[in-house]
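Student: the sequence and its predicted three-dimensional model are supplied below.
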Amino acid sequence: MPPARQRSAPLQVSSPDFTEALPCPVHFRVADLPPDATYPRHSHRWGELVYSFSGVMEVELTGTVCMVPPQAGLWLPPGVGHRGMNRQASHHASVYIAPELLPPLPAEACAVSVSPLLRSLLERLQATSPVLPYTAAQERLLRVVVDELAQSRVLPTWLPATDDALLSPVLLALQADPADNRSAADWARTVHTTERTLARRFQARLGMGLNEWRQRLRVSRALPLLEGGQTVEAIAQDLGYASTSAFIAMFRRLTGSTPDAFRRDRSGRCS
């Protein structure tokens, strides 16, 4: 089994300097993170939408690593402990929303769709860099952000983690080599169990099967490669797909976007 790649200790950056109350009902903040940076684990009493303009953000919850997927954002409801991190440099925004204005989104953290209008609003805000105290026009714009966020749908792009003794060797090996196409039966033999037991453990600990987890892992690895300019064909081959079309179908199923559409959207061109 190939060893997991060793990485240097991440650079820790400071969290927002307000911890007890928001400075206004809807607060907009932009930040840049260098490669391999992380926010310390924290929680707050308001909701937060995280959206990455460039780079791929990751947020670690309790036992779960969540990728901010293409053309989407990450919704963090009040009270959810989380730690932000990223493998590559990123430029992202957070929209903090007071409890009395929370949109009707799930009470658990989730990935949400970002409509073209919502994306345009976020881009407008980051381009104008509003500072406190906000003008009346900026406050109205932020309220429209909340209204549009209320129309977002939940997207299935979680990549859960576990320290389960039976599953950990499988997950670590796949993270070291996402192109590993060994079947569930092969993995069961590797960890000295039965295929049925392994399948049951995946569902109990991760809420999904081996193939679903592996596909989500491959999406998370594909995102920075697409942003880095690699061809879809090369990425599909590197991730172990027998054909480019199979990779594209999987990517669309999990993200609602084709790889090329993702790349065009992130580069600022019309799709």
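Tutor: The structure has been received and is ready for your questions. Numbers count the residues shown, from 1 in each chain.

Student: in the protein, which spans are strands?
Tutor: Assigned by DSSP state E, the strands in the chain fall at 11-12, 26-33, 37-38, 47-54, 57-61, 64-67, 72-76, 83-86, 90-97, 110-113, 154-155, 158-160.

Student: mark out where each domain of the chain begins and ends.
Tutor: Under the assignment automatic domain parsing, the domains of the chain span 17-155, 162-267.

Student: okay, the ones you listed in CSV with mean neighbour count and mean pLDDT next?
Tutor: Heads up, the C-betas are built off the backbone N, CA and C, glycines and all. Formatted as CSV, these follow (neighbours: other CB atoms under 10 Å; pLDDT from 0 to 100):
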stretch, mean neighbour count, mean pLDDT
domain 17-155, 17, 87
domain 162-267, 17, 92
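
Student: so what does Val131 look like in phi/psi?
Tutor: Dihedral pair for Val131: phi -120, psi 150, per degrees, to the nearest 10.

Student: roughly how far apart are it and Val170?
Tutor: Here Val131 is placed at a distance of 49 Å from Val170 (CB to CB, to the nearest Å).

Student: minimum distance to Glu227: which of the strands of the chain has it?
Tutor: strand 47-54 (7.4 Å; CB to CB).

Student: for the residue lying closest to Leu121 once chain neighbours are set aside, what are its contacts?
Tutor: Leaving aside its chain neighbours, Leu121 sits nearest to Val145 (5.1 Å; criterion: CB to CB, 6 or more residues apart in numbering). Applying CB atoms under 8 Å, 6 or more residues apart in numbering, we find Val145 in contact with Val26, Phe28, Leu49, Val95, Leu118, Leu121, Leu122, Leu125.

Student: any idea what the second one is bridged to?
Tutor: Taking DSSP bridges, one obtains Val95 as the residues bridged to Phe28.

Student: surely it and Glu139 touch.
Tutor: No - with contact defined as CB atoms under 8 Å, Phe28 does not count as touching Glu139 (10.4 Å).

Student: gap between Cys193 and Asp177?
Tutor: Cys isn't right for residue 193; it's Thr. Thr193 is 21 Å from Asp177, where distance means CB to CB.

Student: go on, Gln151?
Tutor: From Gln151 across to Asp177, the span is 40 Å (CB to CB).

Student: try Arg264
Tutor: Counting by CB to CB, the gap from Arg264 to Asp177 is 29 Å.

Student: and Trp46, by the same measure?
Tutor: Taking CB to CB, one finds Trp46 at 40 Å from Asp177.

Student: now do the same contact list for Leu118.
Tutor: Going by CB under 8 Å, 6+ apart, Leu118 touches Val145, Glu148, Leu149, Ser152.

Student: same thing but at 7 Å, please
Tutor: Applying CB atoms under 7 Å, 6 or more residues apart in numbering to Leu118 gives the contacts Val145, Glu148, Leu149.

Student: also Asp32?
Tutor: Asp32 is in contact with His91, counting by CB under 7 Å, 6+ apart.

Student: show me what it is bridged to.
Tutor: Beta-bridge partners of Asp32, as defined by DSSP bridges: His91.
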